[in-house]
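> Please work out how this folds:
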Amino acid sequence: MKARRYFNSVSRITKYKTKYDKLIIFHWSILSKISLYGVFCFLGFLFSCNYEQKTKIEPENTIKISSDESKNEDVLTIGVAAMLSPENALPVYEEMIDYIGEELNVNIKMLFTKDYKTMNDLVKSKEVVAAFVCSGPYVTGHDNWGMELVAVPSLYDTTVYYSYIIVNKANDITNFKELKGKKFAFTDPKSNTGKLVPTYELARIGTTPDDFFSEYIFTTSHDKSIEAVAQKLVDGAAVDHLIWEYLNNTDSTFTSRTKIIAKLGPFAMPPFVVHPDCDSLFKTELRKVLLEMHTNPKGKKILNEIYMDKFVMLSDSDYQSIREMNKWIEKVNQQADE
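Numbering: from 1, shown residues only. So this is what the prediction gives:
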């Protein structure tokens, strides 16, 4: 097969042999034995190639997942961000990865990133060609170095989502302000619904997480935050409402022990993105695969399994509310420093 071109400055993709070869490897033969936990919203994909300048990515922040490797040098590495914990997120991706590989006619590997910053760094340094990122990191990447939208998932006929503020069901707390002096769980420092949104709500009343909560932690994923509240490890948490709803409908072990005290939003869905230097022809092919996936019987079946309708187009202006939240938080922080 003729090697493809993925960046305007890169002529070919080569076998992926970097520091990641020392990372934990999961073979699809093992993953296929894990029961499909499912998730309504697939979390993200990174298409990777060797590049001259490597971002310093700590190995403990990534997990490399290998599928069948042949002598073919045209390889895409597909990564997943930590919106859900690896044990819940990884099994759902085999069919999706196989489908994208078949449509693009390339071999595929998957790289799981345990935090949002690592994912953005991989895109910025061109160690990946494309990524499905959280809405907050997209805004940061777009404004700082030109990260570009490719497509956005539509779920339940909408392209927006919310942040749920949850507490334990046995707790008497009924609104966000009553969490003052309590222990709180965020997901990731760069998460929109799991960090930025609740921080913005506090900024609106003139305070910060440091001053408002007695303590706060980062769980690294929304399902872990839900579990932390259910297990009374924390008093409250901010989580992606779609993940809470899906788990509540499919396995309510932990969601049934929590209650929603606030629904904040809406916000534009996490987008699929590329680096601004991504080859225009490849970007067009990738967008076509995603936007037409729901019209392909096999693609439609895969989307149905993860409760996704289809991919659609949005514009950068749809993410303006996130920029406004960042400005408000920055203003409050500046006043606190004065």
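> pLDDT score assigned to the residue nearest to Leu149 when sequence neighbours are not counted?
Among residues not flanking Leu149 along the chain, Pro271 sits closest, at 5.0 Å (C-beta to C-beta, 6 or more residues apart in numbering). (C-beta placed from N, C-alpha, C; glycine too.) pLDDT, Pro271: 92.
> Can you tell me how far Pro271 is from Ala131?
9 Å (C-beta to C-beta, to the nearest Å).
> One more: Asn120?
For Asn120 relative to Ala131 (C-beta to C-beta), the value is 8 Å.
> do the same with Asp172
42 Å.
> Run the chain-centre distance for stretch 174-193.
Its chain's average C-alpha position is 19 Å from that of stretch 174-193, according to C-alpha atoms, centre = their mean, to the nearest Å.
> If we go by neighbour counts, what in it is buried?
Neighbour-count burial for stretch 174-193, with 16 or more other C-beta atoms under 10 Å as criterion, is recorded at 176, 179, 182-188, 190-193.
> go on, stretch 217-236?
217-230, 233-236.
> Could you pick out which of the residues you listed are located in strands?
217-218, 236 (DSSP state E).
> Residues in a beta bridge with Val239, which ones?
With DSSP bridges as the criterion, Val239 is bridged to Tyr164.
> give the contact list for it.
Counting by C-beta atoms under 8 Å, 6 or more residues apart in numbering, Val239 makes contact with 163-164, 166, 187, 193-194, 222, 225-226.
> And Gln231, by the same measure?
By C-beta under 8 Å, 6+ apart, the neighbours of Gln231 are Phe254.
> Recalculate using a threshold of 10 Å.
168, 254, 257 (C-beta atoms under 10 Å, 6 or more residues apart in numbering).
> isn't the second one right up against Leu233?
Which is Phe254. No. The criterion here is C-beta atoms under 10 Å, and Phe254 misses it with Leu233 at 11.3 Å.
> so what sits against both of the two?
Shared contacts of Phe254 and Leu233 (C-beta under 10 Å, 6+ apart): 224-225, 227.
> mind putting the buried residues of stretch 174-193 in JSON lines, secondary structure, distance to Asp211 and pLDDT included?
Output for the buried residues of stretch 174-193, formatted as JSON lines (DSSP: H, G, I helix; E, B strand; the rest coil; distance: C-beta to C-beta, whole Å; pLDDT from 0 to 100):
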{"residue": "Phe176", "secondary structure": "helix", "distance to Asp211": "15", "pLDDT": "97"}
{"residue": "Leu179", "secondary structure": "helix", "distance to Asp211": "13", "pLDDT": "98"}
{"residue": "Lys182", "secondary structure": "coil", "distance to Asp211": "13", "pLDDT": "98"}
{"residue": "Lys183", "secondary structure": "strand", "distance to Asp211": "14", "pLDDT": "98"}
{"residue": "Phe184", "secondary structure": "strand", "distance to Asp211": "12", "pLDDT": "98"}
{"residue": "Ala185", "secondary structure": "strand", "distance to Asp211": "17", "pLDDT": "98"}
{"residue": "Phe186", "secondary structure": "strand", "distance to Asp211": "15", "pLDDT": "98"}
{"residue": "Thr187", "secondary structure": "coil", "distance to Asp211": "21", "pLDDT": "94"}
{"residue": "Asp188", "secondary structure": "coil", "distance to Asp211": "21", "pLDDT": "93"}
{"residue": "Lys190", "secondary structure": "coil", "distance to Asp211": "21", "pLDDT": "93"}
{"residue": "Ser191", "secondary structure": "coil", "distance to Asp211": "20", "pLDDT": "94"}
{"residue": "Asn192", "secondary structure": "helix", "distance to Asp211": "22", "pLDDT": "95"}
{"residue": "Thr193", "secondary structure": "helix", "distance to Asp211": "22", "pLDDT": "96"}
